[in-house]
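# quick one, what's the 3D model for this:
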Amino acid sequence: MPLDVIMPALGMAQDTGHLVAWKKKPGDRVAAGDVLFEVETDKSVMEVEAQGEGWLVDVAAEEGSDVPVGRVIARIADSPGESGAAEAQASAPAPDAGAEAPAPAPDTPALPEGRAVIMPVLGMAQDAGLLVAWSVEPGARVEAGDTLFEVETDKSVMEVPAEAAGYLAATLAAAGEEVPTGEVIAILTETAPEAPVTRTRAEGAAPAPATPPAKAEEPAPATPPARAEERARPVSPPAPAPETGGRLLASPKLRRLAHEEGLDLALLRQAGVPEPWHVRDLERLRALAAEAATAPAAAPAPATAGLRLVATLSEDSLAGTLAWAAERADLAPEAVLAGLAGAALGLPATVAVETLHARSLWHVPSRRLTAVTAAGEDATPSLVLRDLTASRLTEIAAGPEPAPVLTLTRGPAGLTLTLEAAPGALAPLAAARLLDGLAGRLEDPLRHLF
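Have a look, this model is predicted:
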């Protein structure tokens with residue numbers, strides 16, 4: 001079925017929108033969620049998305065033109081050949097901010113005169129919005145840009161800002177009520193009301209004043225209004241539980257209903273239900289929650305902690321040994337470090353030496369430095385020595401890895417050597433001997449290897 005594309009209202013008192021640019025050309029194929037065009041008001045520029053899929057036809061508004069809110073400016077048709085409807089509908093009347101709402105009961109208090117606040121049009125095919133919550137108490141003062149209320153359509157929840165400063169003198173709809181777009185739901189006044197009016201739609205709203213009183217000069221707000229893109233951003237209701245494994249993609253309405261019923265949206269992902277999820281997936285979520293409630297609880301895995309030991313040492317002798325090995329024995333610093341670590345671990349050993357920018361593997365068959373040779377890239381290291389002395393890091397707690405890891409860092413008092421090992425990889429006493437042995441070799445390398 002063809003879908004009309006209308007000029008949406010991005011503010012409470014907006015009657016036209018400036019069409020900045022079309023993002024799709026006539027005849028283009030569009031999918032739900034594709035950006036169709038950009039529209040600008042006096043306060044913001046928004047991208048307007050397609051609410052259905054099909055072909056863009058009957059484009060009836062040009063870039064750079066001002067279009068009344070609610071006017072049909074294009075259609076999304078089932079086939080690229082459909083046309084002719086937008087021209088006939090282009091003269092459709094825009095939502096009237098001053099349209100009359102249900103008449104109030106005779107004994108309800110009179111409404112104050114002031115600036116009318118209407119239910120905005122947040123989507124192209126929207127004719128009503130669910131008032132989620134008022135963000136301001138009746139009678140309180142608001143500044144231009146302050147969030148006045150939240151409204152939900154079938155696709156999103158939006159914060160609606162006040163377009164002008166004033167006092168919330170009357171609210172004509174309650175949270176949880178659906179309000180037709182263009183209907184007056186509140187009144188802002190320049191002076192504080194003695195008794196703010198609070199009504200539901202069932203009690204009857206009131207028409208906006210035909211000509212709102214001229215707005216007096218107001219002092220600058222104490223705090224600057226929020227930026228336009230922040231005021232118009234979508235907000236999500238609270239999720240039922242912390243999300244794991246990436247953000248759960250669900251419509252705001254499904255999130256709200258799941259939260260009210262205490263349902264965990266992660267069950268849909270565990271069951272392999274394709275994302276994003278919508279209200280139609282609520283029954284499936286209820287069934288999954290019922291199954292989870294009756295399933296036997298799995299026994300928790302026993303908590304195990306890895307080893308982490310730390311030693312400190314002087315760096316003077318190590319620097320001298322590395323310089324000597326490079327000059328006299330033509331040994332790279334990585335080979336020297338691998339030989340020291342392999343001797344501390346127990347021979348023979350394969351040691352991986354890592355820095356921030358490189359990694360090398362070394363075979364250590366004996367205590368002689370000249371016996372240390374490069375190992376193949378496919379060799380599995382029995383120990384990793386991570387040299388971070390060239391970085392600004394002074395300590396580390398990275399957690400256990402498949403092989404024990406010895407990390408060398410430079411601190412204010414010298415060198416710090418940290419050993420981390422997975423549970424069961426090293427016995428506590430063996431880990432202590434390894435750390436103490438390498439610390440001794442790093443402080444006095446010649447004594448242990450020559």
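# would you mark the buried spots in the single longest helix found in the chain?
Looking across the chain with DSSP state H, the single longest helix is helix 428-443. By 16 or more other Cβ atoms under 10 Å, the buried positions in helix 428-443 come out as 431, 434-435, 437-443. To be clear about C-beta, it is placed using only N, CA and C from the backbone, and glycine gets the same treatment.
# same check on stretch 403-412?
Buried residues in stretch 403-412, counted by 16+ other Cβ under 10 Å: 403-410.
# stretch 46-54 too?
Within stretch 46-54, the residues that qualify as buried are 46, 48-52, 54, counting by 16+ other Cβ under 10 Å.
# ok, now stretch 327-338?
Neighbour-count burial for stretch 327-338, counted by 16+ other Cβ under 10 Å, picks out 331-338.
# one more: stretch 182-192?
With burial defined by 16+ other Cβ under 10 Å, the residues of stretch 182-192 counted as buried are 182-190.
# so how far is it from its chain's centroid?
34 Å (Cα atoms, centre = their mean, to the nearest Å).
# check the average confidence over it, would you?
Across stretch 182-192, the average pLDDT comes to 88.
# okay, and for the stretch 251-400 of the chain, where does confidence drop off?
By pLDDT under 70, the low-scoring segments of the stretch 251-400 of the chain are 252, 297-305, 315-317.
# give me the number of residues near L56?
For L56, the count of nearby residues is 24 (other Cβ atoms under 10 Å).
# show me what the host helix or strand of it is packed against.
According to DSSP states H and E, L56 maps onto strand 54-57. Applying 3 or more Cβ pairs under 8 Å, 6 or more residues apart in numbering; DSSP states H and E, we find strand 54-57 packed against strand 29-30, strand 72-77.
# adding distance to M7, mean pLDDT and mean neighbour count, write those out as TSV.
Shown next, in TSV, are the helices and strands packed on strand 54-57 (distance: least, Cβ to Cβ, whole Å; pLDDT from 0 to 100; neighbours: other Cβ atoms under 10 Å):
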stretch	distance to M7	mean pLDDT	mean neighbour count
strand 29-30	17	90	16
strand 72-77	6	86	24
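# format those as CSV; extra columns: distance to A375.
Below are these laid out as CSV (distance: least, Cβ to Cβ, whole Å):
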stretch, distance to A375
strand 29-30, 56
strand 72-77, 63
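# tell me if I'm right that E275 and L254 touch.
No: E275 is beyond contact range of L254, at 11.0 Å (criterion: Cβ atoms under 8 Å).
# would you map the helices across the stretch 1-150 of the chain?
Secondary structure of the stretch 1-150 of the chain, counting by DSSP state H, counting those that start in this stretch: helices at 85-89.
# show me where pLDDT drops low in it?
Within the stretch 1-150 of the chain, the ranges that satisfy pLDDT under 70 run 1, 9-15, 41-44, 70, 83-109, 122-127.
# how close does the closest residue in space to K24 that isn't next to it in sequence get to A50?
Spatial nearest neighbour of K24, excluding adjacent residues (Cβ to Cβ, 6 or more residues apart in numbering): L56 at 4.9 Å. Distance, L56 to A50, using Cβ to Cβ, to the nearest Å: 8 Å.
# who touches both of these two?
By Cβ atoms under 8 Å, 6 or more residues apart in numbering, L56 and A50 have these common neighbours: 5, 30, 36, 76.
# tabulate the buried residues of stretch 46-54 (TSV), appending distance to A311.
Listed next are the buried residues of stretch 46-54 as TSV, based on distance: Cβ to Cβ, whole Å:
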residue	distance to A311
M46	60
V48	63
E49	59
A50	63
Q51	64
G52	66
G54	69
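# keep only those of these that are in strands.
Among the buried residues of stretch 46-54, the members found in strands (DSSP state E) are 46, 48-49, 54.
# so which of these comes closest to R308?
Proximity of those to R308 (Cβ to Cβ) peaks at E49, which lies at 50.5 Å.
# got a list of what that closest one touches?
Going by Cβ under 8 Å, 6+ apart, E49 touches 32-36.
# of those, buried ones?
Buried members of the contacts of E49, counted by 16+ other Cβ under 10 Å: 34, 36.
# adding distance to R201, write the contacts of E49 out as JSON lines.
Converted to JSON lines, those look like this (distance: Cβ to Cβ, whole Å):
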{"residue": "A32", "distance to R201": "30"}
{"residue": "G33", "distance to R201": "31"}
{"residue": "D34", "distance to R201": "35"}
{"residue": "V35", "distance to R201": "34"}
{"residue": "L36", "distance to R201": "32"}
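# all helices of the stretch 201-350 of the chain, in order?
Chain-ordered helices for the stretch 201-350 of the chain, with DSSP H, counting those that start in this stretch as the definition, fall at 228-231, 252-261, 266-270, 282-294, 316-328, 333-345.
# find the pair from the shared contacts of L56 and A50 with maximum spatial separation.
Taking Cβ to Cβ, the two most distant members of the shared contacts of L56 and A50 are V5 and V30; they sit 9.8 Å apart.
# which residues are in contact with both of these two?
Taking Cβ under 8 Å, 6+ apart as the contact rule, the neighbours common to V5 and V30 are 36, 50, 56, 76.
# quick one: the strand holding L56 to chain centroid distance?
The chain centroid and the centroid of strand 54-57 are separated by 31 Å under Cα atoms, centre = their mean.
# only C-alpha atoms, please: export that strand in CSV.
Taking C-alpha atoms only, strand 54-57 is exported to CSV below (Å, rounded to 0.1, in the frame of the first residue of the first chain):
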residue,chain,number,x,y,z
GLY,A,54,9.2,0.9,-1.9
TRP,A,55,10.0,3.5,-4.6
LEU,A,56,10.1,7.2,-4.1
VAL,A,57,7.6,8.8,-6.5
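# much appreciated, bye for now.
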